[in-house]
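Undergrad: sequence first, predicted model second:
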Amino acid sequence: DAGVTQSPTHLIKTRGQHVTLRCSPISGHKSVSWYQQVLGQGPQFIFQYYEKEERGRGNFPDRFSARQFPNYSSELNVNALLLGDSALYLCASSLGLGGNQPQHFGDGTRLSIL
Amino acid sequence: AQTVTQSQPEMSVQEAETVTLSCTYDTSESNYYLFWYKQPPSRQMILVIRQEAYKQQNATENRFSVNFQKAAKSFSLKISDSQLGDTAMYFCAFPDNNAGNMLTFGGGTRLMVKP
(Lines give C-alpha, C1' and ligand atoms only; values in the text may rest on other atoms or scores of the structure.)
Protein backbone atom coordinates (compact mmCIF):
# COMPACT_ATOMS: atom_id res chain seq x y z
CA ASP A 1 0.00 0.00 0.00
CA ALA A 2 1.24 3.49 -0.80
CA GLY A 3 2.20 5.69 2.09
CA VAL A 4 1.69 9.42 2.36
CA THR A 5 2.96 11.08 -0.79
CA GLN A 6 4.04 14.69 -1.08
CA SER A 7 4.97 16.83 -4.05
CA PRO A 8 7.23 18.39 -5.00
CA THR A 9 10.20 17.01 -3.05
CA HIS A 10 12.23 20.20 -3.41
CA LEU A 11 11.26 23.74 -4.28
CA ILE A 12 13.19 26.98 -4.60
CA LYS A 13 11.33 30.30 -4.48
CA THR A 14 12.18 33.95 -3.97
CA ARG A 15 10.83 36.34 -1.38
CA GLY A 16 7.31 37.58 -2.09
CA GLN A 17 6.31 34.64 -4.25
CA HIS A 18 3.64 32.12 -3.34
CA VAL A 19 3.85 28.33 -3.20
CA THR A 20 1.48 25.36 -3.21
CA LEU A 21 2.46 22.06 -1.64
CA ARG A 22 0.47 18.89 -2.21
CA CYS A 23 -0.22 15.79 -0.14
CA SER A 24 -2.03 12.51 -0.75
CA PRO A 25 -2.90 10.55 2.41
CA ILE A 26 -2.77 6.82 2.92
CA SER A 27 -5.82 5.20 1.37
CA GLY A 28 -8.70 5.22 3.88
CA HIS A 29 -7.23 8.00 6.00
CA LYS A 30 -9.57 10.97 6.35
CA SER A 31 -7.37 13.31 8.37
CA VAL A 32 -4.45 15.30 6.99
CA SER A 33 -2.12 17.48 9.03
CA TRP A 34 0.65 19.84 8.01
CA TYR A 35 3.83 20.59 9.96
CA GLN A 36 6.76 22.94 9.43
CA GLN A 37 10.19 21.68 10.45
CA VAL A 38 12.97 24.25 10.56
CA LEU A 39 16.46 22.75 10.36
CA GLY A 40 17.58 21.36 13.69
CA GLN A 41 14.18 21.65 15.37
CA GLY A 42 11.12 19.51 15.95
CA PRO A 43 8.11 19.89 13.65
CA GLN A 44 5.58 22.63 14.42
CA PHE A 45 1.88 22.08 13.76
CA ILE A 46 0.31 24.26 11.07
CA PHE A 47 -3.11 22.81 10.13
CA GLN A 48 -5.27 19.75 10.50
CA TYR A 49 -8.17 18.84 8.21
CA TYR A 50 -10.74 16.11 8.67
CA GLU A 51 -13.57 15.38 6.25
CA LYS A 52 -12.68 18.56 4.35
CA GLU A 53 -13.11 20.79 7.40
CA GLU A 54 -10.37 22.60 9.29
CA ARG A 55 -10.10 21.04 12.74
CA GLY A 56 -7.02 22.77 14.05
CA ARG A 57 -4.70 25.65 13.31
CA GLY A 58 -1.28 26.33 14.78
CA ASN A 59 0.33 29.66 15.52
CA PHE A 60 1.10 30.67 11.93
CA PRO A 61 0.24 33.90 10.10
CA ASP A 62 -2.67 34.23 7.67
CA ARG A 63 -0.21 33.90 4.79
CA PHE A 64 -0.56 30.17 5.42
CA SER A 65 -3.74 28.48 4.23
CA ALA A 66 -4.80 24.96 3.36
CA ARG A 67 -7.68 22.92 2.10
CA GLN A 68 -8.74 19.30 1.79
CA PHE A 69 -10.42 17.86 -1.26
CA PRO A 70 -13.24 15.26 -1.54
CA ASN A 71 -10.63 12.54 -2.17
CA TYR A 72 -8.96 13.60 1.13
CA SER A 73 -5.83 14.95 -0.56
CA SER A 74 -4.69 18.34 0.65
CA GLU A 75 -2.87 21.49 -0.40
CA LEU A 76 -0.87 23.90 1.72
CA ASN A 77 -0.55 27.42 0.32
CA VAL A 78 1.90 30.04 1.50
CA ASN A 79 1.72 33.62 0.18
CA ALA A 80 4.24 36.46 0.29
CA LEU A 81 7.10 34.12 1.10
CA LEU A 82 9.70 35.23 3.63
CA LEU A 83 13.22 33.94 4.17
CA GLY A 84 12.01 32.44 7.44
CA ASP A 85 9.60 30.18 5.59
CA SER A 86 12.55 28.06 4.46
CA ALA A 87 11.90 24.67 6.03
CA LEU A 88 10.87 21.07 5.50
CA TYR A 89 7.08 20.86 5.23
CA LEU A 90 5.69 17.56 6.40
CA CYS A 91 2.27 16.14 5.69
CA ALA A 92 0.79 13.43 7.91
CA SER A 93 -2.38 11.40 7.67
CA SER A 94 -4.39 9.38 10.16
CA LEU A 95 -7.61 7.40 10.11
CA GLY A 96 -9.39 9.88 12.35
CA LEU A 97 -8.84 12.40 15.09
CA GLY A 98 -8.40 10.17 18.12
CA GLY A 99 -5.27 10.67 20.15
CA ASN A 100 -4.66 6.92 19.93
CA GLN A 101 -4.39 7.07 16.16
CA PRO A 102 -0.81 7.69 15.16
CA GLN A 103 -0.01 10.05 12.34
CA HIS A 104 1.88 8.67 9.36
CA PHE A 105 4.25 11.08 7.65
CA GLY A 106 5.34 11.66 4.09
CA ASP A 107 8.90 12.42 3.01
CA GLY A 108 8.26 16.15 3.08
CA THR A 109 8.82 19.06 0.73
CA ARG A 110 12.05 20.99 1.22
CA LEU A 111 11.26 24.66 0.55
CA SER A 112 14.14 27.09 0.12
CA ILE A 113 13.55 30.83 -0.11
CA LEU A 114 16.22 32.98 -1.76
CA ALA B 1 -0.54 24.56 26.48
CA GLN B 2 1.21 21.25 26.31
CA THR B 3 4.98 21.15 26.30
CA VAL B 4 7.43 18.39 25.45
CA THR B 5 11.10 18.61 26.44
CA GLN B 6 14.01 16.52 25.29
CA SER B 7 17.07 17.52 27.29
CA GLN B 8 19.70 15.65 25.27
CA PRO B 9 20.40 17.39 21.92
CA GLU B 10 22.95 14.75 20.91
CA MET B 11 23.94 11.27 22.04
CA SER B 12 26.21 8.54 20.77
CA VAL B 13 26.38 4.81 21.45
CA GLN B 14 28.56 1.95 20.33
CA GLU B 15 26.99 -0.65 18.08
CA ALA B 16 25.32 -3.48 20.07
CA GLU B 17 25.12 -1.40 23.26
CA THR B 18 22.06 0.10 24.94
CA VAL B 19 21.09 3.78 25.00
CA THR B 20 18.26 5.69 26.69
CA LEU B 21 16.76 8.90 25.35
CA SER B 22 14.88 11.17 27.76
CA CYS B 23 11.60 13.02 27.36
CA THR B 24 9.45 14.96 29.80
CA TYR B 25 6.09 16.54 29.12
CA ASP B 26 3.46 18.65 30.77
CA THR B 27 -0.28 18.13 30.51
CA SER B 28 -3.44 18.44 32.57
CA GLU B 29 -5.02 15.44 30.84
CA SER B 30 -5.41 12.15 32.68
CA ASN B 31 -5.79 9.84 29.71
CA TYR B 32 -3.53 10.33 26.72
CA TYR B 33 -0.99 8.75 24.41
CA LEU B 34 2.68 9.36 23.85
CA PHE B 35 4.76 8.57 20.81
CA TRP B 36 8.41 8.27 19.80
CA TYR B 37 9.22 9.02 16.17
CA LYS B 38 12.50 8.42 14.34
CA GLN B 39 13.67 10.68 11.49
CA PRO B 40 16.68 9.30 9.60
CA PRO B 41 18.64 11.47 7.16
CA SER B 42 16.18 10.33 4.47
CA ARG B 43 13.73 12.72 6.22
CA GLN B 44 10.66 10.50 6.63
CA MET B 45 9.27 10.55 10.16
CA ILE B 46 8.70 6.95 11.25
CA LEU B 47 6.64 5.85 14.26
CA VAL B 48 8.82 3.82 16.63
CA ILE B 49 6.59 3.11 19.60
CA ARG B 50 3.54 4.42 21.46
CA GLN B 51 2.37 4.31 25.05
CA GLU B 52 -1.14 4.60 26.45
CA ALA B 53 -1.13 6.58 29.68
CA TYR B 54 -3.76 4.47 31.41
CA LYS B 55 -1.69 1.30 30.93
CA GLN B 56 0.73 0.48 33.71
CA GLN B 57 2.81 -1.77 31.49
CA ASN B 58 5.59 -0.15 29.51
CA ALA B 59 5.32 -0.58 25.74
CA THR B 60 7.85 -2.72 23.88
CA GLU B 61 8.53 -3.12 20.16
CA ASN B 62 11.41 -5.50 19.46
CA ARG B 63 14.62 -3.67 20.50
CA PHE B 64 12.70 -0.54 21.51
CA SER B 65 11.04 -0.08 24.87
CA VAL B 66 9.83 2.81 26.98
CA ASN B 67 10.06 3.70 30.64
CA PHE B 68 6.82 5.57 31.33
CA GLN B 69 6.57 7.35 34.67
CA LYS B 70 3.15 9.02 34.67
CA ALA B 71 3.49 10.83 37.99
CA ALA B 72 6.84 12.27 36.95
CA LYS B 73 5.54 12.95 33.41
CA SER B 74 8.55 11.18 31.98
CA PHE B 75 8.65 9.02 28.86
CA SER B 76 12.11 7.72 27.97
CA LEU B 77 13.04 5.47 25.04
CA LYS B 78 15.48 2.61 25.45
CA ILE B 79 17.17 1.13 22.41
CA SER B 80 18.82 -2.23 23.02
CA ASP B 81 21.45 -3.87 20.81
CA SER B 82 21.93 -0.60 18.89
CA GLN B 83 22.43 -0.93 15.16
CA LEU B 84 24.00 1.43 12.63
CA GLY B 85 20.55 1.92 11.08
CA ASP B 86 19.33 3.42 14.36
CA THR B 87 21.34 6.56 13.60
CA ALA B 88 18.70 9.29 13.31
CA MET B 89 16.89 12.14 15.02
CA TYR B 90 14.44 10.90 17.64
CA PHE B 91 11.39 12.94 18.61
CA CYS B 92 9.05 12.51 21.51
CA ALA B 93 5.50 13.59 20.55
CA PHE B 94 2.26 14.21 22.39
CA PRO B 95 -1.19 14.47 20.73
CA ASP B 96 -3.50 17.23 21.90
CA ASN B 97 -6.81 15.54 22.76
CA ASN B 98 -8.56 18.90 22.59
CA ALA B 99 -7.43 19.67 19.05
CA GLY B 100 -7.89 16.59 16.91
CA ASN B 101 -4.70 14.61 17.32
CA MET B 102 -2.26 17.34 16.38
CA LEU B 103 1.17 16.52 17.71
CA THR B 104 3.40 18.61 19.92
CA PHE B 105 7.00 17.53 19.36
CA GLY B 106 10.06 17.86 21.53
CA GLY B 107 13.19 19.44 20.10
CA GLY B 108 14.69 16.07 19.25
CA THR B 109 17.76 14.05 20.14
CA ARG B 110 20.34 13.28 17.48
CA LEU B 111 21.57 9.72 18.00
CA MET B 112 24.77 8.49 16.41
CA VAL B 113 25.51 4.75 16.51
CA LYS B 114 29.22 4.12 16.11
CA PRO B 115 30.72 0.92 14.67
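TA: Cool, the structure landed.
Undergrad: now do the contacts for residue 54.
TA: You didn't pick a chain, so chain A it is. The neighbours of A:Glu54, taking C-beta atoms under 8 Å, 6 or more residues apart in numbering or on different chains as the test, are A:47-48, A:66. In this view, the C-beta of every residue, glycine as well, is placed from N, C-alpha and C.
Undergrad: can you look at chain B instead?
TA: Applying C-beta under 8 Å, 6+ apart, the residues near B:Tyr54 are B:Asn31.
Undergrad: what of B:Ser30?
TA: B:Ala53.
Undergrad: any stretches of chain B with poor pLDDT?
TA: Along chain B, the parts satisfying pLDDT under 70 run over B:1, B:97-99.
Undergrad: go again using 80 as the cut-off
TA: Within chain B, the ranges that satisfy pLDDT under 80 run B:1-2, B:42-43, B:96-100.
Undergrad: centroid-nearest residue for it?
TA: For chain B, the residue nearest the mean C-alpha position is B:Trp36 (3.3 Å; C-alpha atoms, centre = their mean).
Undergrad: right, and B:Asp26 touches B:Ala72 too?
TA: No - at 11.3 Å, B:Asp26 does not count as touching B:Ala72 under the criterion of C-beta atoms under 8 Å.
Undergrad: the more surrounded of these two?
TA: B:Asp26 (12 against 8; other C-beta atoms under 10 Å in any protein chain shown).
Undergrad: the nearest residue to that one once chain neighbours are set aside: how many residues sit nearby?
TA: Counting by C-beta to C-beta, 6 or more residues apart in numbering or on different chains, B:Asp26 lies nearest to B:Thr3, which is 4.7 Å off, once chain neighbours are set aside. B:Thr3: 12 surrounding residues under other C-beta under 10 Å.
Undergrad: A:Ser112 pairs with what?
TA: Following DSSP bridges, A:Ser112 is listed with bridge partners A:Ile12.
Undergrad: ok, now A:Thr5?
TA: Bridge pairing for A:Thr5 (DSSP bridges) gives the partners A:Ser24.
Undergrad: got a list of what it touches?
TA: A:Thr5 neighbours (C-beta under 8 Å, 6+ apart): A:23-24, A:106.
Undergrad: which parts of chain B are strands?
TA: Per DSSP state E, chain B carries strands over the ranges B:3-5, B:10-14, B:19-21, B:24-26, B:33-39, B:46-52, B:60-61, B:64-69, B:74-79, B:88-95, B:103-105, B:109-114.
Undergrad: hmm, back to that, the contacts of A:Glu54 in strands, which ones?
TA: Judged by DSSP E, the contacts of A:Glu54 include A:47-48, A:66 as members of strands.
Undergrad: most neighbours among these, which one?
TA: Most surrounded of these: other C-beta under 10 Å gives A:Gln48, at 29 neighbours.
Undergrad: tell me the bridge partners for that one.
TA: A:Ser33, A:Gly56.
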